[in-house]
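Colleague: give me a model of this one.
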Amino acid sequence: MEECATFNTTNDLKKWERLVEEQSSLFRFTLTDNETLRLRVDELERELSVWKLAFKAAEDEKCNLQKHMLKLEKNIGSLRDDNPLLLCVIDGDGNIFSQDLLASGHTGGRQAAMLLTKGFTDYMVDVDAGSSGRGQVWLTVYCNKTGLMDTLVNNGICSTAEFEAFVLGFNSASPLFSIVDVGGGKEAADAKIKECLRVFTRFPQTSRVFFGGGHDNGYTSTLSTLENEGLLQKIVLLRGYKILATELQHFNLPHLDIGGVFMTKKLPSCYTHRRSTPPTGIAPQEHEKQRTNSKNFLVGTQSPLISSGTQFCRYLDPSLPLNKQTPRPCTFFYLSVCKQGDKCTYGHDYFLTADNYAELRANAKKSPCPILNKNQPCPAGESCPSGHYCPRGSKCGYRKQGKCKFIGREMHAALNDRISGRPPSRALSNSNVSGQTDGTPTPPMSPVDLSNFIGISPFVPQGIR
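Modeller: Take a look at the predicted model:
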């Protein structure tokens with residue numbers, strides 16, 4: 001019995017020790033976990049205090065921004081209401097002022113400015129009764145002044161003096177009114193107007209932009225961009241011609257038609273000269289010299305003065321040489337006589353300067369004379385617009401390959417032979433081209449038969465074979 005009691009006591013003691021050990025382990029785990037949680041709570045409390053400070057700073061910044069925004073909105077509203085900008089950009093090469101105004105000179109220019117100003121303010125009163133027509137009108141007309149003046153003068157619209165006086169009167173009507181000469185560059189006026197439309201429509205103080213370019217489809221891309229940005233509602237089309245450009249019609253822009261200011265019908269794009277008028281950049285005396293100098297034309301032909309039907313309406317692209325123009329200037333028309341007439345595929349309507357004539361003659365000499373190419377004497381002699389000698393001379397590599405277009409005898413003569421006056425073919429030395437043989441006078445040379453030149457390109461570069 002005693003042994004049984006001892007055994008039970010031992011078991012109870014072991015059980016008690018195990019329970020104490022488990023309880024101690026639980027206490028240690030609880031203490032460790034509590035310490036970890038306490039540290040985590042302290043960390044979270046620090047983070048919370050930081051976020052509270054950040055939130056307070058954000059709230060303060062928000063309040064400041066709201067105050068600043070209200071101030072800006074007040075300023076913008078002041079700009080819109082107190083001094084709105086009415087911008088007007090006009091393509092003067094298409095929206096041309098009426099004949100009555102242009103012919104009135106200085107008075108007409110001031111009257112045109114007055115009519116435009118009144119038209120803009122009346123329009124604003126109609127669309128926004130609260131505006132009372134307030135606002136600064138800033139108007140700029142971009143044009144090729146020289147080209148426009150030539151067109152007007154040669155169509156009998158006004159004289160040069162009247163046009164100059166009109167421009168002066170218009171520019172002096174207001175400090176914000178001006179006619180700007182952009183020169184003869186291609187689409188020079190278009191580029192400036194497109195940039196004005198792009199920039200000024202974004203300004204909040206710009207109430208309306210009156211656009212005078214409805215004749216030109218080239219503004220379609222700019223207007224499409226403004227439409228995508230939600231700014232097209234600021235554009236008002238200032239009508240000139242009654243017919244609107246096809247691609248601009250789908251925008252359905254509001255339009256303003258101010259009667260008596262602009263021409264309603266398009267002038268002929270090419271105007272007719274009643275006489276031989278010198279191109280821009282060349283003096284009248286030099287022009288006549290270029291057209292009538294006997295060295296420039298075929299012997300026996302009359303000087304090719306411009307007839308009453310000749311049209312001059314095209315300016316050269318200054319960035320391209322003559323042989324890269326589209327179409328190229330007709331060599332025979334400018335240096336001789338072109339028998340192709342209206343069927344000629346080359347240009348007869350360019351303005352050429354003295355330098356252009358020199359370049360044209362130099363280019364023409366790079367194409368062989370079709371008469372000498374047949375080993376026949378050219379009656380034009382040095383006056384022939386085509387080349388009598390290969391520019392490469394005796395060292396022409398194309399001749400050795402049989403590809404040179406100068407195929408006449410002695411058309412590859414050495415330079416010293418040319419200077420000495422040696423004729424380019426034996427046929428010339430035995431013919432009566434000089435007007436006398438062995439002291440016996442011969443009749444004057446007959447006119448050149450230009451039928452030999454028909455179908456010949458005005459200029460074929462020597463290097464293109």
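Colleague: at which residues are the helices of this protein located?
Modeller: Residue ranges of the helices in the chain, as given by DSSP state H, are 2-82, 99-103, 105-127, 145-154, 160-172, 188-200, 220-228, 284-292, 331-335, 354-364, 397-400, 415-419, 426-429.
Colleague: TSV please, covering the ones you listed and showing mean pLDDT and mean neighbour count.
Modeller: From N, CA and C alone the C-beta is placed, and that goes for glycine too. Shown next, in TSV, are the helices of the chain (pLDDT from 0 to 100; neighbours: other CB atoms under 10 Å):
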stretch	mean pLDDT	mean neighbour count
helix 2-82	84	10
helix 99-103	93	19
helix 105-127	90	19
helix 145-154	88	19
helix 160-172	94	18
helix 188-200	90	18
helix 220-228	91	16
helix 284-292	45	15
helix 331-335	82	24
helix 354-364	84	18
helix 397-400	79	13
helix 415-419	53	11
helix 426-429	38	16
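Colleague: which of those helices sits closest to Val137?
Modeller: Closest to Val137 of these, according to CB to CB: helix 105-127, at 5.4 Å.
Colleague: and the closest one, what does it pack onto?
Modeller: strand 85-91, helix 99-103, strand 136-143, helix 160-172, strand 206-212, strand 255-256 (3 or more CB pairs under 8 Å, 6 or more residues apart in numbering; DSSP states H and E).
Colleague: residue contacts, Leu316?
Modeller: 322, 325, 329, 350-352, 356 (CB atoms under 8 Å, 6 or more residues apart in numbering).
Colleague: mind putting the helices of the chain into JSON lines with distance to Ile235?
Modeller: Formatted as JSON lines, those follow (distance: least, CB to CB, whole Å):
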{"stretch": "helix 2-82", "distance to Ile235": "17"}
{"stretch": "helix 99-103", "distance to Ile235": "25"}
{"stretch": "helix 105-127", "distance to Ile235": "13"}
{"stretch": "helix 145-154", "distance to Ile235": "24"}
{"stretch": "helix 160-172", "distance to Ile235": "23"}
{"stretch": "helix 188-200", "distance to Ile235": "7"}
{"stretch": "helix 220-228", "distance to Ile235": "7"}
{"stretch": "helix 284-292", "distance to Ile235": "44"}
{"stretch": "helix 331-335", "distance to Ile235": "44"}
{"stretch": "helix 354-364", "distance to Ile235": "40"}
{"stretch": "helix 397-400", "distance to Ile235": "59"}
{"stretch": "helix 415-419", "distance to Ile235": "65"}
{"stretch": "helix 426-429", "distance to Ile235": "70"}
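Colleague: beta partners of the closest residue to His255 other than its chain neighbours?
Modeller: Among residues not flanking His255 along the chain, Leu237 sits closest, at 4.1 Å (CB to CB, 6 or more residues apart in numbering). Going by DSSP bridges, Leu237 is paired in beta bridges with Phe211, His255.
Colleague: does Leu237 touch Phe211 like I think?
Modeller: Yes. With contact defined as CB atoms under 8 Å, Leu237 counts as touching Phe211 (5.7 Å).
Colleague: which of the two has more neighbours?
Modeller: The neighbour comparison of Leu237 against Phe211 (other CB atoms under 10 Å) goes to Phe211, with 28 against 20.
Colleague: what's the pLDDT at that one?
Modeller: The score at Phe211 is 93. That number is its pLDDT.
Colleague: nearest to Asp91 among the helices of the chain would be which one?
Modeller: helix 188-200 (5.4 Å).
Colleague: can you list contacts of the closest one?
Modeller: 85, 87, 89, 91-93, 140, 142-144, 180, 182, 206, 209, 211, 213, 216, 218-219, 222-223, 225-226, 235.
Colleague: returning to what we had before: out of the helices of the chain, which is closest to Lys242?
Modeller: The nearest among the helices of the chain, by CB to CB, is helix 99-103 at 16.1 Å.
Colleague: what helices or strands is that closest one leaning on?
Modeller: Secondary-structure packing of helix 99-103 (3+ CB pairs under 8 Å, 6+ apart): helix 105-127, helix 160-172.
Colleague: repeat that for 6 Å
Modeller: helix 105-127 (3 or more CB pairs under 6 Å, 6 or more residues apart in numbering; DSSP states H and E).
Colleague: which residues are contacting the helix it packs on?
Modeller: 86, 97, 101-102, 131, 133, 137, 162, 165-166, 168-170, 173, 177, 256, 258, 261 (CB atoms under 6 Å, 6 or more residues apart in numbering).
Colleague: where does pLDDT dip in the stretch 301-450 of the chain?
Modeller: Under the criterion pLDDT under 70, the flagged ranges of the stretch 301-450 of the chain are 301-314, 414-450.
Colleague: how about the strands of it, start to end?
Modeller: For the stretch 301-450 of the chain, strands defined by DSSP state E, counting those that start in this stretch occupy the ranges 311-312, 436-437, 440-441.
Colleague: neighbours around Thr345, how many?
Modeller: 10.
Colleague: from Leu101, how far out is it?
Modeller: 40 Å (CB to CB, to the nearest Å).
Colleague: again, but for Tyr398
Modeller: Distance from Tyr398 to Leu101, by CB to CB: 61 Å.
Colleague: verify the contact between Ile407 and Asn375 for me.
Modeller: No. At 8.8 Å, Ile407 does not count as touching Asn375 under the criterion of CB atoms under 6 Å.
Colleague: was I right to think Thr264 contacts Lys242?
Modeller: Yes. In this structure Thr264 lies within contact range of Lys242 using CB under 6 Å: 5.2 Å.
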